[in-house]
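Asker: Mind folding the following:
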Amino acid sequence: MSLSQFEFILFLILVVITLVVFKDNTIRKSTLLIASICFYCYWDYRFCLLLAIPIFVDFYCGRLIHSSSMMSQRRRYLLVSICINIGILIAFKYFNFFIDSFKPLLKVFGLNVYSLDLILPLGISFYTLKTLTYTIDLYYKKTEHCESLLDYAVFVTFFPTIVAGPILRASHFLPQLTAFSTSGENLRVGIRLFVIGLFKKLFIADNLAFYVDSFYASPLVFDSTTAWFAVISYTIQIYFDFSGYSDMAIGSSRIMGLHIEDNFHYPYLSTSIGEFWRRWHISLSTWIRDYLYIPLGGNRKNIKRTYINLLISMLLCGLWHGAAWTFVFWGGYHGAALCFHRAFKSWAKPNGQTFVSYGPSIAHWFITFFVVTIGWIFFRSPNFSGAIQVIGQLFFSQSGVRWIYPFALFIIVSTTIFHILKALNLTRPLELPEKAWYTPAVLFCLAWLVFLFHASEFKPFIYAKF
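Answerer: Predicted coordinates for the structure are as follows:
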């Protein structure tokens with residue numbers, strides 16, 4: 001079941017009605033847990049057992065970490081939690097990737113290792129990071145111990161976010177379970193976010209996918225102009241696809257009275273690659289900062305160590321996204337861009353002057369957007385040869401079929417105009433303020449456009465496969 005399917009809307013309505021009818025908080029939390037299990041079983045019931053492992057392991061490891069006074073014991077229980085969670089993730093997501101990658105080398109040593117026929121469990125990358133935040137934060141005494149197994153199970157399995165985030169923090173989510181309710185304000189705010197997310201996904205992203213998928217299936221058929229349009233279309237598609245999911249997840253949660261922090265903040269307005277990662281997939285970028293980059297040393301040591309920490313963090317970020325070398329390269333590419341930006345900012349900042357003073361913001365924006373757009377080619381391409389072909393088409397004029405998809409052109413122009421207005425702080429009416437008199441009518445029109453012009457073929461969320 002996908003958040004963009006009609007079945008999910010009916011499912012959500014049923015859950016909300018149940019939460020409204022029952023006032024006892026334990027029953028309400030039990031309703032959320034049962035609903036989350038049913039949501040997960042809709043995909044494949046067999047992986048519910050796998051999902052139960054981190055729930056029980058991390059809950060009881062957290063209890064032991066909390067009750068232990070000796071640092072060595074606390075560290076031991078933390079390592080148990082980390083090893084089991086990362087071990088499950090590696091077994092199901094990365095075992096075949098590493099075996100296939102190093103099979104020639106293993107044969108040299110006389111080792112014949114075979115791949116396993118495994119299905120990637122739904123949302124495993126997201127709920128693994130989610131559960132790790134709990135035990136790690138407990139170890140560093142940054143969160144309170146959860147005394148209720150029911151509360152912790154709801155936190156891990158919470159159905160709006162289990163597929164593709166946002167990545168919840170136990171310190172932010174668990175306290176809300178002590179008292180939550182569906183109110184008129186929560187309904188108004190939640191429905192607004194959900195409809196906007198639905199429009200982003202079904203009307204914009206899925207209709208762009210037709211054009212993008214056609215191009216990437218046979219890129220050499222098309223000319224350079226088409227290549228540029230298709231590459232920019234994917235840059236827009238992945239943003240609306242993932243931010244649409246985040247809006248729907250946050251909106252669904254708000255309808256039920258639970259608050260989840262924003263996951264996107266206009267990332268394509270960024271004027272540096274560092275700012276881009278502060279605006280894009282915020283829950284992941286802050287997780288990488290707090291649980292990888294800073295523990296590695298962050299920028300507390302010499303500049304060389306800072307660059308190494310950035311590269312390691314972003315390489316692991318790329319690997320987290322997918323078990324393929326193109327994702328690893330994409331992560332390293334962004335890591336190198338972050339290092340270059342940090343080096344250039346230091347060089348262009350003598351006498352206390354700011355980096356921005358050394359050039360117009362529009363030039364910084366253009367460079368950032370260009371770097372991000374080129375990076376998405378490796379993210380989207382099935383392999384390196386496909387990515388190199390597309391890049392070759394962009395920078396070396398090539399003849400072929402010229403196909404400028406009218407809908408893609410319309411979305412590119414519309415998105416550009418909206419971002420220009422946003423940069424000038426002129427988009428307040430277009431962002432549909434919660435209490436504006438016209439917001440309900442516009443939301444109805446957006447829903448009607450989705451109903452009339454959604455893509456004929458169902459498209460799963462891009463990040464759902466991670």
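Asker: Only the buried residues of the longest helix seen in the chain, if you could.
Answerer: In terms of residue count, the longest helix belonging to the chain (DSSP state H) is helix 224-255. Within helix 224-255, the residues scored as buried using 16 or more other CB atoms under 10 Å are 224, 226-227, 229-255. The C-beta positions use only the backbone N, C-alpha and C, and glycine is treated the same way.
Asker: what about V154, distance to I88?
Answerer: 20 Å (CB to CB, to the nearest Å).
Asker: more crowded one of those two?
Answerer: V154 (25 against 18; other CB atoms under 10 Å).
Asker: Let me see the backbone angles for the more buried one.
Answerer: phi -60, psi -40 (degrees, to the nearest 10).
Asker: got the contact list for it?
Answerer: Going by CB atoms under 8 Å, 6 or more residues apart in numbering, V154 touches 29, 32-33, 36, 177.
Asker: Check F180 too.
Answerer: Contact analysis of F180 by CB under 8 Å, 6+ apart lists 28, 256-258.
Asker: Show me the residues you listed that map onto strands.
Answerer: Among those, DSSP state E puts none in strands.
Asker: ok, of the residues you listed, which one's closest to R169?
Answerer: Closest approach between the contacts of F180 and R169, by CB to CB: L258, at 13.1 Å.
Asker: Quick check: the gap between the closest one and I420.
Answerer: From L258 over to I420 the distance is 35 Å, taken as CB to CB.
Asker: Same check on Q398?
Answerer: Counting by CB to CB, the gap from Q398 to I420 is 31 Å.
Asker: Can you pick out the residue with more neighbours from those two?
Answerer: Q398 (17 against 12).
Asker: dump the residue contacts of that one.
Answerer: Applying CB under 8 Å, 6+ apart to Q398 gives the contacts 220, 223-224, 227, 392.
Asker: F215 touches W228, doesn't it?
Answerer: No: assessed by CB atoms under 8 Å, F215 is found out of contact with W228, at 10.5 Å.
Asker: thinking again about what came up before, next, check the contacts of V154 against the strands and list the overlap.
Answerer: Using DSSP E, no member of these falls in strands.
Asker: out of these, who has the most neighbours?
Answerer: Taking other CB under 10 Å as the neighbour criterion, L32 ranks highest of these with 25 neighbours.
Asker: circling back to that earlier point, check which helices and strands the longest helix of the chain sits against.
Answerer: helix 6-21, helix 184-198, helix 206-217, helix 361-380, helix 384-395, helix 406-423 (3 or more CB pairs under 8 Å, 6 or more residues apart in numbering; DSSP states H and E).
Asker: Throw those helices into JSON lines and include distance to L315, thanks.
Answerer: Formatted as JSON lines, the helices and strands packed on helix 224-255 follow (distance: least, CB to CB, whole Å):
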{"stretch": "helix 6-21", "distance to L315": "35"}
{"stretch": "helix 184-198", "distance to L315": "31"}
{"stretch": "helix 206-217", "distance to L315": "24"}
{"stretch": "helix 361-380", "distance to L315": "13"}
{"stretch": "helix 384-395", "distance to L315": "16"}
{"stretch": "helix 406-423", "distance to L315": "30"}
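Asker: Could you point out which of those helices sits nearest R278?
Answerer: Closest approach to R278 among the helices and strands packed on helix 224-255 (CB to CB): helix 361-380, 12.0 Å.
Asker: what distance separates the closest one from the centre of its chain?
Answerer: Here helix 361-380 is found 18 Å from its chain centre; the criterion is CA atoms, centre = their mean, to the nearest Å.
Asker: Stretch 139-147 now?
Answerer: For stretch 139-147 - counting by CA atoms, centre = their mean - the centre lies 25 Å from the chain centre.
Asker: Same question for stretch 309-317.
Answerer: Relative to the centre of its chain, stretch 309-317 is centred 17 Å away, using CA atoms, centre = their mean.
Asker: Dump it to CSV, keeping only the CA atoms.
Answerer: Included here for stretch 309-317 are C-alpha records, laid out as CSV according to Å, rounded to 0.1, in the frame of the first residue of the first chain:
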residue,chain,number,x,y,z
ASN,A,309,35.3,13.0,7.6
LEU,A,310,33.1,14.7,5.0
LEU,A,311,34.1,12.2,2.3
ILE,A,312,33.5,9.1,4.6
SER,A,313,30.1,10.5,5.7
MET,A,314,28.9,11.2,2.2
LEU,A,315,30.3,7.9,0.8
LEU,A,316,28.2,6.1,3.4
CYS,A,317,25.3,8.3,2.6
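Asker: what's in contact with that stretch?
Answerer: 284, 288-289, 292-293, 296-299, 328, 331-332, 334-336, 338-339, 342.
Asker: Kindly recompute the last result at 6 Å.
Answerer: Here stretch 309-317 makes contact (CB atoms under 6 Å, 6 or more residues apart in numbering) with 288, 292-293, 296-297, 331-332, 334-335, 338-339.
Asker: Who wins on neighbours among those residues?
Answerer: Most surrounded of these: other CB under 10 Å gives G331, at 26 neighbours.
Asker: So what does that one have for phi and psi?
Answerer: phi -60, psi -40.
Asker: For R46, report the pLDDT, please.
Answerer: Note on R46: pLDDT of 79.
Asker: Any idea how many residues pack against it?
Answerer: 10.
Asker: Now do it against F92, distance only.
Answerer: To F92, R46 is 12 Å away according to CB to CB.
Asker: again with S68
Answerer: 30 Å.
Asker: neighbour-wise, which of those two wins?
Answerer: Using other CB under 10 Å as the criterion, S68 and F92 rank with F92 on top: 20 against 15.
Asker: S125 versus that one, what's the distance?
Answerer: 10 Å.
Asker: same deal with I13?
Answerer: For I13 relative to S125 (CB to CB), the value is 29 Å.
Asker: More neighbours: which of those two?
Answerer: Just comparing I13 and S125: by other CB under 10 Å the higher neighbour count belongs to S125, 22 against 11.
Asker: my guess is that one contacts Y463, does it?
Answerer: No: at 9.0 Å, S125 does not count as touching Y463 under the criterion of CB atoms under 6 Å.
Asker: low-scoring stretches of this structure, by residue?
Answerer: Scanning the chain for pLDDT under 70 picks out 106-111, 113-115, 348-360.
Asker: Dead centre of this structure: give me the residue that sits there.
Answerer: In the chain, the centroid-proximal residue (CA atoms, centre = their mean) is H281; its distance is 4.9 Å.
Asker: what about the closest residue to it other than its chain neighbours, which SS state?
Answerer: Counting by CB to CB, 6 or more residues apart in numbering, N263 is the residue found nearest to H281 once chain neighbours are left out, at 6.2 Å. Put simply, N263 is coil when judged by DSSP: H, G, I helix; E, B strand; the rest coil.
Asker: burial count for N263?
Answerer: Neighbours of N263 using other CB under 10 Å come to 24.
Asker: tell me the contacts of it?
Answerer: Contacts of N263 (CB under 6 Å, 6+ apart): 166, 246, 282-283.
Asker: Swap in 7 Å and give it another go.
Answerer: Contact analysis of N263 by CB atoms under 7 Å, 6 or more residues apart in numbering lists 165-166, 246, 281-283.
Asker: Also V15?
Answerer: 31, 35 are the contacts of V15 under CB under 7 Å, 6+ apart.
Asker: re earlier: could you export the contacts of Q398 as a markdown table, including distance to F379?
Answerer: Listed next are those as a markdown table, based on distance: CB to CB, whole Å:
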| residue | distance to F379 |
| --- | --- |
| L220 | 20 |
| D223 | 23 |
| S224 | 21 |
| A227 | 16 |
| G392 | 18 |
